[in-house]
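**Student:** Next come a sequence and a model predicted from it.
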Amino acid sequence: MSNTSSSNPIPDKQKAWRAVKRGTPAEAIRFDKDAPVPSKLKQGEVLVKVQAAALNPVDYKLLGMLPNLIANRPYPMANDIAGVVVASADSKFAVGDEVFGTVWLQAQRKEQQGALAEYVRIAATSIAKRPKDIKPTEAAGISMVAVTASVGLFQHGNLQPGQNVFISGGSTAVGLAAIQFAKAIGCKVTVTGSGPKEEMLRTLGADEFMDYTKGPVYDRLIENPPSPKFDIIFDTVGSVDPKLFSLSEAYLAPDGTFLSVGPQPEGSGKLGQLANFFWTVSRPTWVCGGVNRKLCIFSTSESPEELARVVKFLEEKKFKPAVDSVYSFDQVVEAYNHLMTKRATGKVVIKVDPDVQ
Ligand SMILES: NC(=O)c1ccc[n+]([C@@H]2O[C@H](COP(=O)([O-])OP(=O)(O)OC[C@H]3O[C@@H](n4cnc5c(N)ncnc54)[C@H](OP(=O)(O)O)[C@@H]3O)[C@@H](O)[C@H]2O)c1
């Protein structure tokens, strides 16, 4: 391996939570004490000693949906990490660099790498140096949700300073990042959330708040439309009532965009998967037919450009990562059970190194 640390030899075996079959986390992930440590780096990769990892809904969604044949298991669960470079085959990173980033889904399947392990082999283009004032447990959960918010707002939504943005799901981890990014460039931001989250969302920068538990928000938006209309509506929940889009001519500007993280398939039931599949592929025609507004359902993959934008927001103190809870490395199943309640506010983080902050 090129450019390795000689003072801390890299072991052959490691502890890892590996996905071994389709099912719920309790059924389908296994704690291994002798999982292999990657021994060879390709050009452009680094080996990171993981300090902390963070969970995402996509972890349990794909675990519950894909059979081993398609998923190419076993591999360590989860995608987001913070850690220290211990070997490098890339000129931008040296041994000792403190980094954070994501093993993106395609790389996870192809390379059989993942976050819930002591060591991970990862593309240098999927990581960034961790700003000094961000702790590893804070940094671990940044990349997937912040890059998703950034790709949505700036690439698909072409968000401009001063625009009027509506974020459905202000307290999802994606939404928390999206609020801060939109405010950072001087937009007006309206969010939905449940009542107890109002104060926290306003502190982050939300100008207007709508309690989604008090009836359909589209009814209230039709009754009392924003002026000017929203330039962007960003559905960060992925499973909101499709009427938010189908009725959006009343509150979304004619050249505005409705962004959605998309209803991602959930559960291991075959009927549920089928329904989700048809929902995803056919929604634009049978629900959205006749709606004269642009709809963009997107899924995120590696974006060095947006990761760099996220780092800039962090350095300028315009983005503060949110941590819901921190679990130890032996509490991964409990941590997934908590995430699956869909009530977390911020990231659910795992300390892979028990001594890390
Ligand atoms: N397309 C992509 O590439 C991509 C990437 C990342 C994430 N995602 C998807 O984006 C979605 C959000 O992910 P996440 O990690 O940000 O979720 P998360 O943080 O786990 O979401 C939990 C939060 O959602 C809020 N919430 C639940 N239902 C809501 C509703 N109907 N309206 C408004 N808020 C609601 C909850 O608030 P209360 O407890 O107050 O209700 C809670 O604070 C997931 O479906 C995920 O799979 C997609």
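**Tutor:** Thanks, I have it.
**Student:** Might you report the residue contacts of the spatially closest residue to Ser260 that is not a sequence neighbour?
**Tutor:** Spatially, and ignoring its direct neighbours in sequence, Ser260 is nearest to Asp235 (4.0 Å; CB to CB, 6 or more residues apart in numbering). Every C-beta, even on glycine, is put in place using the N, C-alpha and C of the backbone. Residues counted as contacts of Asp235 (CB atoms under 8 Å, 6 or more residues apart in numbering) are Ser168, Gly169, Leu244, Phe245, Phe258, Leu259, Ser260, Val261.
**Student:** Around the ligand, which positions in the stretch 251-357 of the chain sit nearby?
**Tutor:** Val261, Gly262, Gln264, Phe298, Ser299, Thr300, Leu339, Lys342, Arg343, Ala344, Thr345 (CB under 6 Å from any ligand atom).
**Student:** Likewise for the stretch 1-150 of the chain?
**Tutor:** Asn56, Pro57, Val58, Met144, Val145, Thr148.
**Student:** burial of Val95, as a residue count?
**Tutor:** For Val95, the tally of surrounding residues (other CB atoms under 10 Å) stands at 17.
**Student:** now the helices: where do they sit in the stretch 201-350 of the chain?
**Tutor:** Assigned by DSSP state H, counting those that start in this stretch, the stretch 201-350 of the chain shows helices spanning 217-223, 243-246, 270-286, 304-315, 332-339.
**Student:** Which of those has the lowest mean pLDDT?
**Tutor:** The stretch with the lowest mean pLDDT among these is helix 270-286, at a mean of 52.
**Student:** tell me the centre residue of the chain?
**Tutor:** Nearest to the mean C-alpha position of the chain, by CA atoms, centre = their mean, lies Val145 at 2.8 Å.
**Student:** what bits of this structure have low per-residue confidence?
**Tutor:** Scanning the chain with the threshold set as pLDDT under 70 gives 1-7, 264-289.
**Student:** Kindly recompute the last result at 80.
**Tutor:** 1-8, 239-240, 263-290 (pLDDT under 80).
**Student:** Just the buried subset of the contacts of Asp235, please.
**Tutor:** Neighbour counting by 16 or more other CB atoms under 10 Å classes Ser168, Gly169, Leu244, Phe245, Phe258, Leu259, Ser260, Val261 among these as buried.
**Student:** what sits against the last one?
**Tutor:** Contacts here follow CB under 8 Å, 6+ apart; on that basis Val261 touches Thr148, Gly152, Val174, Asp235, Thr236, Val237, Gly238, Ile297, Phe298, Ser299.
**Student:** returning to what we had before: of the contacts of Asp235, closest to Lys188?
**Tutor:** Using CB to CB, Ser168 is the member of those that sits closest to Lys188, with 15.5 Å.
**Student:** pretty sure that closest one is touching Val217, no?
**Tutor:** Yes: contact criterion CB atoms under 8 Å: Ser168 and Val217 qualify, at 7.3 Å.
**Student:** Find residues that contact each of these two.
**Tutor:** Contacts common to Ser168 and Val217, judged by CB under 8 Å, 6+ apart, are Thr192, Leu244.
**Student:** Could you check which helix or strand contains Gly23?
**Tutor:** For Gly23, there is no enclosing helix or strand under DSSP states H and E.
**Student:** where's it relative to Phe230, distance?
**Tutor:** The gap separating Gly23 from Phe230 is 40 Å, by CB to CB, to the nearest Å.
**Student:** Could you do Arg121 as well?
**Tutor:** For Arg121, the distance to Phe230 - CB to CB - is 42 Å.
**Student:** same deal with Leu201?
**Tutor:** Taken as CB to CB, the span from Leu201 to Phe230 is 17 Å.
**Student:** With Ala182 instead?
**Tutor:** 11 Å.
**Student:** Give me the more crowded residue out of these two.
**Tutor:** Between Ala182 and Phe230, Ala182 has the larger neighbour count (other CB under 10 Å), namely 29 against 23.
**Student:** Go ahead and list the helix or strand containing that one.
**Tutor:** helix 173-184.
**Student:** Give me the packing partners of the helix or strand that that helix is followed by, helices and strands only.
**Tutor:** Using DSSP H and E, the next helix or strand after helix 173-184 towards the C-terminus is strand 188-193. Using 3 or more CB pairs under 8 Å, 6 or more residues apart in numbering; DSSP states H and E as the contact test, the elements touching strand 188-193 are strand 164-168, helix 173-184, strand 208-211.
**Student:** Dump the ones you listed into a markdown table; add distance to the ligand as well.
**Tutor:** Formatted as a markdown table, those follow (distance: least, CB to the nearest ligand atom, whole Å):
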| stretch | distance to the ligand |
| --- | --- |
| strand 164-168 | 6 |
| helix 173-184 | 4 |
| strand 208-211 | 9 |
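**Student:** got these as TSV, with distance to Glu98 columns?
**Tutor:** Listed next are the helices and strands packed on strand 188-193 as TSV, based on distance: least, CB to CB, whole Å:
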stretch	distance to Glu98
strand 164-168	31
helix 173-184	21
strand 208-211	36
